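> Sequence and predicted model, in that order:
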Amino acid sequence: MVGDQDEDLRGDWKAMAFPGAEGRRLAPSGKGRLRFCHGGAVLLGALFLSWPAFFNGFPLLYPDSMTYMDDGRMVARALFLRKFSEYYGVRSLFYSLGILPWHWNLSPWPIVALQCVLVAWVLWLVVRSLAARHRAACYLALVFALSLLTSVSWYADFIMPDILGPVLYLSLYLLAFAGDTLSRAERPALYLVAVWAATAHATHLMLALGLCVLLALFALFDRRQMGRRMRGAGEAAAVVALAAAAQLALHGYLYGKPSLNGERPPYLLARTVADGPGRWYLEKHCPQLQWAVCNHLQELSNDADGFLWDPDGAYESGSDAEREQISKEEIPLVLATLRAYPRAQLSRSAANFKEQLLAFGLYGFDPSPWMLGQFDSVLPGARASYLKSRQAKGALPLDLLTEIQGWTVAVSLGLIGAAIPFLWRRHSPRLAGLSLTILSMVVANALITGVLSVVDDRYGCRAIWLIPFLAGLFLVDWIGQRRTAKRPAQGALAGSI
C-alpha cells in the first residue's frame with residue numbers, strides 16, 4: 001500500500017511539474033475499451049485517407065507503378081526458389097517485394113489499404129506524442145482536414161513508394177524524441193516500417209542519413225538532456241544502418257556484389273548534362289577522352305529524363321555495355337564539370353533547388369498509353385476496372401486540388417511563423433524536434449530531388465503535406481496549453497469562493 005501511495009504521489013508531482021503531453025509517458029495508452037477506441041480511430045483515419053481511390057474508382061497509378069508490381073515476382077523467385085534473372089529493374093526491390101503479397105498481380109486495392117493504414121498509424125503515434133487530452137478527437141480532426149486539403153490522401157492511394165518518405169521521417173522523430181510514448185509492441189513494429197520505408201527509394205535513405213546527422217547536432221545543443229537525445233539519434237541511426245545493410249545484402253545476393261542502389265541509371269550525369277555545364281565539358285574534351293558517352297554527343301538532351309529514357313536518348317539508345325560504361329563515367333564527369341565550370345553548375349543547381357521547393361502541384365496522375373499496355377502482363381484482370389476510372393478518362397480535378405493545397409500550405413506557413421515565438425517560450429522539446437524534422441526534410445527533399453534528378457511536382461507534393469500537419473499540431477498544442485492554464489485558475493477561484 002505504501003509503495004502504491006508513493007507511486008501515486010510521484011505521478012501527481014509529475015503532472016503538476018510538467019503539465020501537458022510531455023510531462024508523462026503516454027504509452028501504453030490503456031487497455032480494453034480505450035485501446036479498442038484508439039484502434040478504431042486509426043482505422044477511421046485510414047478510411048479518410050482512402051477517399052481519392054474511391055473517388056477515382058481505382059487506385060492511382062503512375063508508369064513506374066506497373067514496374068514496381070511486376071519486378072516483385074522476379075525478386076521473390078530469386079530469393080525463395082533460387083531462380084535468378086539477368087535483370088531486376090532499376091526501381092526499389094524492397095518496395096516491390098513489400099507490396100507483392102498485397103496484390104499478387106491480381107488487384108492493387110490491398111496496397112492502398114496497406115499504405116493508408118501505415119500512414120494513419122504513424123500519424124496517430126505522432127499526435128499521441130504531443131496531445132495531452134482528447135487525442136482521438138484531435139487525431140481524427142487533423143487527418144480528416146489533411147485528407148481533404150492536402151496531397152497526403154492522394155499519395156497514400158498512389159501505388160508508388162513516395163508516401164513512405166514522410167512515414168520514415170515521422171518514424172525517426174518518434175524514435176528520437178518520443179520513444180517513451182511507444183509500447184513494447186509498437187517499437188519493433190515502427191522499426192520494421194521505418195526500415196522498409198528507408199529501402200523503398202534511394203532518396204529516402206539519403207534523407208534519413210542527413211536527418212540522423214541533424215538529430216545528433218541537435219542533441220549537442222541540448223546539454224541538459226544530451227545523453228537522452230543522443231540515444232534517440234542513435235535509434236534513428238540504427239534504422240538507417242539496418243536499411244543500408246539490407247540493401248547491400250539483397251543486391252549482393254542478386255548481382256554478386258554489394259550495392260546500395262543496384263543497377264541505378266546515371267541520374268546525376270544526366271542532370272549535369274541537362275543543366276549545360278556537363279554538355280559543355282563533353283563537347284570540349286571528348287576528342288581527348290575515351291568515354292562511351294562521347295559516342296552519343298548528338299543525342300545529348302537538355303532534359304534529364306530525355307537523356308535517360310527516350311528511345312533515341314544518349315543512355316537508352318546505347319548497348320548494354322555502353323550503358324554500363326556510361327554509369328561508370330558518371331562521377332568522373334560530374335567532378336570534372338565542377339572543376340571546369342563551378343560557378344555555372346552551382347548557379348544552375350541552386351535554381352533547380354528553388355524551382356523544386358515551390359513545385360508541389362497535385363499532378364502526375366495523367367493517363368499513360370504505356371501504362372495501359374502493361375495491364376495484360378502485370379494486372380490482367382484489372383484493365384477493365386481501370387478504364388472506368390477518372391484517371392483513365394483524364395477527369396480528375398487536379399487544378400482545383402493544386403489550388404486548394406497551395407492555399408493550405410500558405411496559411412500553414414503563416415501559422416507556423418506566428419507560433420515559433422510561443423514554441424520558444426514554452427520550451428517543448430518534442431514539438432521542437434518535430435518542427436526540426438519536418439522543416440528540414442521538406443527542404444532537403446527539394447534539394448536532393450531538384451539538384452540530383454529533375455524538377456517535378458510529384459517530388460514536392462509527396463512531402464509538402466507535412467507542413468499543414470505541423471501547423472495543425474501547433475494548433476492542437478496551443479489549445480491544450482490554454483485549457484491547462486484555465487484549469488488551475490478555475491480551481492483557485494473555486495477555492496476562494
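Noted; the coordinates are in hand.

> residue ranges with poor pLDDT in this structure?
By pLDDT under 70, the low-scoring segments of the chain are 1-34, 222-223, 423-427, 483-497.

> Check it and tell me which residue is nearest its centre.
Closest residue to the average C-alpha location of the chain: Gly165 at 1.3 Å, with Cα atoms, centre = their mean.

> Tell me how far that residue lies from Arg339.
From Gly165 across to Arg339, the span is 33 Å (Cβ to Cβ, to the nearest Å). Using the backbone N, CA and C atoms, a C-beta is placed for each residue, glycine as well.

> Restricting to C-alpha, output stretch 162-169 in CSV.
C-alpha atoms of stretch 162-169 as CSV (Å, rounded to 0.1, in the frame of the first residue of the first chain):
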residue,chain,number,x,y,z
ASP,A,162,6.5,8.3,-52.4
ILE,A,163,4.3,8.3,-49.3
LEU,A,164,6.8,6.2,-47.4
GLY,A,165,9.3,9.1,-47.3
PRO,A,166,7.2,11.1,-44.8
VAL,A,167,6.4,7.9,-43.0
LEU,A,168,10.1,7.4,-42.5
TYR,A,169,10.8,11.0,-41.3
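
> Please point out which parts of that stretch sit buried.
162-169 (16 or more other Cβ atoms under 10 Å).

> what's the answer for stretch 335-349, then?
Within stretch 335-349, judged by 16+ other Cβ under 10 Å, the buried ones are 336-338, 341, 345, 348-349.

> can you give me the end-to-end distance of it?
From its first residue to its last, stretch 335-349 covers 14 Å (Cα to Cα, to the nearest Å).

> Please list the outside residues in contact with it.
272, 275-278, 280-281, 285, 450-451 (Cβ atoms under 8 Å, 6 or more residues apart in numbering).

> How about stretch 300-313?
For stretch 300-313, the external contacting residues (Cβ under 8 Å, 6+ apart) are 265-267, 270-271, 273-274, 276, 279, 282, 299, 314-317, 453-454.

> CA-only coordinates of it in PDB, if you can.
Extracted C-alpha coordinates of stretch 300-313, given in PDB (Å, rounded to 0.1, in the frame of the first residue of the first chain):
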ATOM      1  CA  LEU A 300      22.700  14.700 -75.600                       C
ATOM      2  CA  SER A 301      19.500  16.300 -74.300                       C
ATOM      3  CA  ASN A 302      18.500  19.400 -72.300                       C
ATOM      4  CA  ASP A 303      16.100  17.200 -70.500                       C
ATOM      5  CA  ALA A 304      17.500  14.700 -67.900                       C
ATOM      6  CA  ASP A 305      14.500  12.300 -68.500                       C
ATOM      7  CA  GLY A 306      15.100  12.500 -72.200                       C
ATOM      8  CA  PHE A 307      18.800  11.600 -71.700                       C
ATOM      9  CA  LEU A 308      17.800   8.500 -69.700                       C
ATOM     10  CA  TRP A 309      14.500   7.200 -71.000                       C
ATOM     11  CA  ASP A 310      13.900   8.400 -74.600                       C
ATOM     12  CA  PRO A 311      14.500   5.600 -77.100                       C
ATOM     13  CA  ASP A 312      16.800   7.900 -79.100                       C
ATOM     14  CA  GLY A 313      18.400   9.400 -75.900                       C
END
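
> Identify each buried residue in it, please.
Residues of stretch 300-313 classed as buried by neighbour count (16+ other Cβ under 10 Å): 300-301, 304, 306-308, 313.
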